[in-house]
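# Just the structure for this:
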Amino acid sequence: MKKLSQKPTIQLSGKSALQETYQEMLLSYLCITLLHTLCCSTLSEFSEKSKNIV
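Have a look, this model is predicted:
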């Protein structure tokens with residue numbers, strides 16, 4: 001009985017670990033895209049301002 005009860009817990013832990021890694025990857029991807037968009041927007045604004053100054 002113990003062996004049977006141990007198997008599903010291992011599978012569940014494996015699934016949770018996969019979900020955690022997936023969530024971490026998703027979060028990092030979102031952060032990178034957010035930073036990228038922020039950098040692009042600031043760069044475009046800076047270039048427009050520099051054009052106006054010149």
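
# gap between the helix or strand containing residue 42 and the chain center?
According to DSSP states H and E, residue 42 maps onto helix 2-53. Distance, stretch centre to chain centre, for helix 2-53: 0 Å (Cα atoms, centre = their mean, to the nearest Å).

# which helices and strands does that helix pack with?
Here helix 2-53 touches no other helix or strand, going by 3 or more Cβ pairs under 8 Å, 6 or more residues apart in numbering; DSSP states H and E. Where you see a C-beta, it was placed from the backbone N, CA and C, and this is true even at glycine.

# what is the mean pLDDT for it?
What helix 2-53 shows for mean pLDDT is 81.

# neighbours around residue 39, how many?
Residue neighbour count, defined by other Cβ atoms under 10 Å, stands at 10 for residue 39.

# Against residue 47, how distant is it?
According to Cβ to Cβ, to the nearest Å, residue 39 and residue 47 sit 12 Å apart.

# Same question for residue 34.
Distance, residue 34 to residue 47, by Cβ to Cβ: 21 Å.

# Same question for residue 19.
Using Cβ to Cβ, residue 19 is found at 42 Å from residue 47.

# next one: residue 37
Look at residue 37 and residue 47: by Cβ to Cβ, they are 16 Å apart.

# again, but for residue 21
According to Cβ to Cβ, residue 21 stands 38 Å off from residue 47.

# What's the local residue count around residue 36?
So residue 36, with other Cβ under 10 Å, has 10 neighbours.

# how far away is it from residue 19?
Noted for residue 36: a distance of 26 Å to residue 19, by Cβ to Cβ.

# Equivalent analysis for residue 52, please.
Distance of residue 52 to residue 19, computed by Cβ to Cβ: 49 Å.

# These two: which is more packed in?
Neighbours per residue (other Cβ under 10 Å) separate residue 52 from residue 19, with residue 19 holding more: 10 against 7.
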